[in-house]
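> Got a predicted model here, sequence first, then my questions.
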Amino acid sequence: MDSFDTARILYLSLLLGAVGFYYIVANRRNLGQVLRHAALWALIFIGALAAVGLWQDVRPRLAPAQIIRGDGVIQVDRDQSGHFSLTAIVNGAPVEFLVDTGASNVVLSLKDAERAGINVDDLTFTGRAQTANGTVRTAPVKIDTLSLGGIQDDRVRAYVTDGDLFGSLLGMDYLRRYDRIEIKQDKLILTR
């Protein structure tokens with residue numbers, strides 16, 4: 001908190017104190033009722049602050065709809081964060097990917113790589129990649145099978161990162177396999 005914030009809090013506290021003092025003096029005959037109302041409003045205010053502060057933790061975590069039509073078309077709704085996420089089957093294990101046209105490759109987090117049966121203890125992190133969080137080390141791997149919407153690709157080149165990655169990324173190496181990538185309103189449509 002800088003000095004400007006401190007001054008603002010002090011000013012607002014003095015203003016609140018002055019308004020509160022006037023209200024108590026003006027209603028001194030009903031002081032018990034005034035104090036009950038003040039306590040009620042304080043609790044409502046604290047509850048509203050708690051709800052706003054904890055909203056990210058208490059909001060429902062709904063998975064975006066992923067519709068597979070069977071004719072090589074996959075439709076994904078935009079998620080609550082404004083991105084497109086989808087679930088693919090990597091070596092038989094479900095992995096949630098963020099569709100990232102800014103990523104060159106398929107990138108697996110350590111956790112997702114382990115879930116997909118990749119022995120992360122044997123990986124050699126020789127590569128480097130630039131991310132929004134800075135430079136991370138990467139290890140090249142081959143995914144035996146990656147299935148999305150009934151379409152299976154074998155021996156998909158990917159990278160595992162040891163960096164602080166919030167999830168796995170489905171980059172352009174994989175997305176180029178589709179004939180058409182469209183975004184219509186809040187839907188991503190992939191067509192093979």
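It's in.

> Need the pLDDT of the residue nearest the centre of the chain.
In the chain, the centroid-proximal residue (C-alpha atoms, centre = their mean) is Ser81; its distance is 5.6 Å. For Ser81, the pLDDT comes out at 79.

> From Leu98, how far off is it?
Plainly put, Ser81 is 9 Å away from Leu98 if you go by C-beta to C-beta, to the nearest Å. Yep, even glycine has a C-beta here, placed from its N, CA and C like the rest.

> Which single strand of this protein contains the most residues?
strand 134-148 (DSSP state E).

> Give me the residues contacting it.
74, 86, 88-92, 106-108, 113, 116, 118, 123-129, 152-165, 174 (C-beta atoms under 8 Å, 6 or more residues apart in numbering).

> Among those, which lie within helices?
113, 174 (DSSP state H).

> Filter the contacts of strand 134-148 down to the ones in strands?
74, 86, 88-90, 106-108, 127-129, 152-161.

> Mind checking which of those are buried?
74, 86, 88, 90, 106-108, 129, 156, 158-161 (16 or more other C-beta atoms under 10 Å).

> Take those and lay them out in JSON lines including pLDDT.
Shown next, in JSON lines, are those (pLDDT from 0 to 100):
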{"residue": "Ile74", "pLDDT": "87"}
{"residue": "Leu86", "pLDDT": "89"}
{"residue": "Ala88", "pLDDT": "91"}
{"residue": "Val90", "pLDDT": "95"}
{"residue": "Val106", "pLDDT": "94"}
{"residue": "Val107", "pLDDT": "92"}
{"residue": "Leu108", "pLDDT": "93"}
{"residue": "Ala129", "pLDDT": "82"}
{"residue": "Val156", "pLDDT": "93"}
{"residue": "Ala158", "pLDDT": "94"}
{"residue": "Tyr159", "pLDDT": "94"}
{"residue": "Val160", "pLDDT": "93"}
{"residue": "Thr161", "pLDDT": "90"}
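
> which of those lies closest to Ala26?
Distance to Ala26, by C-beta to C-beta, is smallest for Leu86 among those, at 60.8 Å.

> looking at this structure, which helix or strand does the model trust least?
In the chain, the helix or strand scored least confidently by mean pLDDT, DSSP states H and E is helix 55-58, which has a mean of 62.

> Dig out what the closest residue to Thr161 other than its chain neighbours forms beta bridges with.
Distance criterion C-beta to C-beta, 6 or more residues apart in numbering; nearest residue to Thr161, sequence neighbours excluded, is Val136 at 4.8 Å. Applying DSSP bridges to Val136 gives these bridge partners: Ala129.
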